[in-house]
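Engineer: From the sequence below, what's the structure:
(4 chains)
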Protein chains: 2
Amino acid sequence: METETATRWLTDAEQCAWRTHLDVNRLLTHQLERDLQPFGLTMNDYEILVNLSESEGLRMRMSDLASATLQSKSRLSHQITRMENADLVRRENCESDRRGLFAVLTEHGLETMQRVAPHHVASVRRHFIDLLPEDALQELHKALTPVAEHLRSHRGKP
Amino acid sequence: METETATRWLTDAEQCAWRTHLDVNRLLTHQLERDLQPFGLTMNDYEILVNLSESEGLRMRMSDLASATLQSKSRLSHQITRMENADLVRRENCESDRRGLFAVLTEHGLETMQRVAPHHVASVRRHFIDLLPEDALQELHKALTPVAEHLRSHRGKP
DNA sequence: CCTAAAAGGTTGAAAGATGAACTAGCGAGG
DNA sequence: CCTCGCTAGTTCATCTTTCAACCTTTTAGG
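Structural biologist: Residues are numbered from 1 along each chain as shown, chains lettered A, B, ... in the order given. Below is the predicted model:
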């Protein structure tokens, strides 16, 4: 009688795939960050701008924004404070729930977003999308969707 | 005559694939980090242990380790200092080049590595590998390899 | 109603990451 | 055999992330 089950190590193929996946992520993140730097934005900033710009009234509740961007409330709070200092965003009270706050895109935030977006998209294409054959992207998406769901359902707090 | 080329925005399909990819990465990283936490290790720690344990003499030059793990020299230096305090690793001088240092796996580092590895592998399987159909993983790998190469060649310092 | 628990956010301190400036050793050209 | 530039690594200051403690408002129960 065994007290522990034998470990199912990764096969060579699995190992390669896994490491490549990890590497692509790190490298890609770095690269996108670099490409955004001349505009004085980080990926975090950008992602928040995108989320707000796609929302009605260019505003979102802090909590919703936190879970949309998969960050902790604390982290988001600091993040928004920084962006507030950069005049990209402003906080506004919520009438219907006096605990709540909205993060609202400022004029300058919107302009920044619109100015930067084309460059960022180009960057995403250059370093990722356009490097994949049309169908590979579809496959990727199909394969990754269940993983995302699994992880989403499975997670405690970010 | 146009002064700027029209932006090639992402199609819906591209957008979905891209966002899923981003999400999987973030969620997956979080999850793996969480699963490693009970053992007092971070993914960074773990990755370094792996690299060292696979090297001859259980040692690597700082620079090589830095580029193997895609970190800056500065970051690695701090990282190794922390791991040194945790007695996972020790620094050792290089005879042939007196500027150089080796990071060397300690006894305790090796034990830790061996004890934790099965759990980490299980975690990677549970949250990623085993969620993908056999061939999807191959596809993923084939698709991502050129991306990794592109990014590697393309990059300045981490 | 009144109270207790939960939800929405913020804050502060400690840990980690980043980038530039710095030290020391190597090595190639004059 | 100098010296000037390069490589290896560390350090310091600054910014970001994390975690736990903390308010305040809302909601649910009795």
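Engineer: Other residues contacting the helix ranked longest in chain A?
Structural biologist: Counting residues, the longest helix found in chain A (DSSP state H) is helix A:12-36. Identification of contacts with helix A:12-36 by C-beta atoms under 8 Å, 6 or more residues apart in numbering or on different chains yields A:10, A:42-43, A:45-46, A:116, A:119-120, A:123-124, A:127-128, B:25, B:29, B:70, B:124, B:128-129, B:137-138, B:140-141, B:144-145, B:147-148, B:151-152, B:154-156, B:158. For every residue, glycine as well, the C-beta is placed using N, CA and C.
Engineer: which SS state does A:Asp87 fall under?
Structural biologist: Look at A:Asp87: counting by DSSP: H, G, I helix; E, B strand; the rest coil, its state is coil.
Engineer: Who's the closest spatial neighbour of it, skipping the chain neighbours?
Structural biologist: If the residues on either side of it in the chain are set aside, A:Asp87 comes closest to A:His108, at 5.0 Å by C-beta to C-beta, 6 or more residues apart in numbering or on different chains.
Engineer: What of A:Met83?
Structural biologist: Once flanking residues are discounted, A:Met83 sits nearest to A:Val89: 4.4 Å by C-beta to C-beta, 6+ apart.
Engineer: distance of the closest residue to A:Asp45 other than its chain neighbours from A:Leu41?
Structural biologist: Nearest non-adjacent residue to A:Asp45, counting by C-beta to C-beta, 6+ apart: A:Met83, 6.2 Å away. Shown here: A:Met83 relative to A:Leu41, a distance of 9 Å by C-beta to C-beta, to the nearest Å.
Engineer: surely A:Cys94 meets A:Arg59?
Structural biologist: No. Taking contacts as C-beta atoms under 8 Å, A:Cys94 lies outside contact range of A:Arg59: 9.5 Å.
Engineer: Quickly list what's touching both of those two.
Structural biologist: Joint contacts of A:Cys94 and A:Arg59 (C-beta under 8 Å, 6+ apart) are A:Phe102.
Engineer: returning to that earlier point: could you figure out how far the longest helix of chain A is turned away from helix B:12-36?
Structural biologist: 110 degrees (axes from the mean of the first three to the mean of the last three C-alpha atoms, to 10 degrees).
Engineer: Report the buried residues of helix A:12-36.
Structural biologist: For helix A:12-36, a neighbour-count test (16 or more other C-beta atoms under 10 Å in any protein chain shown) marks A:14, A:17-18, A:20-28, A:30-32, A:35-36 as buried.
Engineer: Run the chain-centre distance for it.
Structural biologist: Its chain's C-alpha centre and that of helix A:12-36 lie 15 Å apart, by C-alpha atoms, centre = their mean, to the nearest Å.
Engineer: Next secondary structure after that helix?
Structural biologist: Next along the chain after helix A:12-36, taking DSSP states H and E as the criterion, comes helix A:43-53.
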